[in-house]
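J.: Could you work out the structure for the sequence below:
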Amino acid sequence: MKYSFPFLFSVAIVFFSCSSDDNGARPNESPIVGTWSMSDINLDNDANTGELQLAALAIESLLADNCEIVVFTFSEDGTLESRDKIENLEVTTGVNGFEVNCPNESNIFNSTWSLVDNQLTIVNEEDMEETIEINLDGNTMTIAGEDVGSDDFVGADVVFTKQ
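T.: Model (predicted):
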């Protein structure tokens, strides 16, 4: 199959043209696309129970040690990989209080996602669908604690930072 030089030249211009105001973002790319790592936990004043405070202290200690407790990777093709170390946490107590070490193992879950306004819908490997409300503000995403996947976080907001 032959193509004329003007046709190939115009195709090349389309594919290789650039703009000085291009910031690298694709115009139709969802702002959620990318890797998000848990970076903070905020407790609601009304639900500030001892159990929730203990969970928050453990999480804050792990985050201070750069432990990636929960990481979401949202891909452009609508797939989602979540890596979660919460179920693998072991808390030990002693004379100096409690100690929590960052687990080596993560539970990995694959699913699909869609985002409409602030409603994130996730369909897991068993085709179970769940829609949660999120707050996206630049490189920060906030999710209600109970929606992150652990009953220990009911009454808290979990903050994720885009990597």
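J.: This protein: helices as residue ranges?
T.: Ranges of helices within the chain are 5-16, 50-64, 145-148, based on DSSP state H.
J.: how much distance is there from the last one to the middle of the chain?
T.: In this case it means helix 145-148. 12 Å (CA atoms, centre = their mean, to the nearest Å).
J.: Low-confidence stretches in the chain?
T.: Confidence mapping of the chain against pLDDT under 70 gives the ranges 1-28, 46-48, 149-152.
J.: the strands in it, which residues?
T.: With DSSP state E as the criterion, the chain has strands at 34-43, 70-74, 79-84, 91-94, 97-100, 107-116, 119-123, 129-137, 140-144, 156-162.
J.: Hey, what's the angle from the second one to strand 156-162? Just curious.
T.: Right, strand 70-74. Taking axes from the mean of the first three to the mean of the last three CA atoms, to 10 degrees, one finds strand 70-74 and strand 156-162 inclined to each other by 50 degrees.
J.: wait, what's in contact with Glu60?
T.: With contact taken as CB atoms under 8 Å, 6 or more residues apart in numbering, Glu60 is in contact with 40-41. Just so you know, the C-beta spots here come from the backbone N, C-alpha and C atoms, and that holds for glycine as well.
J.: contacting residues around stretch 126-139?
T.: Here stretch 126-139 makes contact (CB under 8 Å, 6+ apart) with 31-32, 115, 118-124, 141-144, 147, 161-162.
J.: Swap in 6 Å and give it another go.
T.: For stretch 126-139, the surrounding residues in contact (CB atoms under 6 Å, 6 or more residues apart in numbering) are 31, 118-123, 141-143, 147, 161-162.
J.: ok, now stretch 153-163?
T.: When contacts are taken as CB under 6 Å, 6+ apart, the neighbours of stretch 153-163 outside the stretch itself are 34-44, 47, 52, 139, 141-143, 145-146, 148.
J.: Please apply the same query to stretch 106-114.
T.: Outside of stretch 106-114, the residues that reach it under the criterion CB under 6 Å, 6+ apart are 74, 78-85, 87, 121-124.
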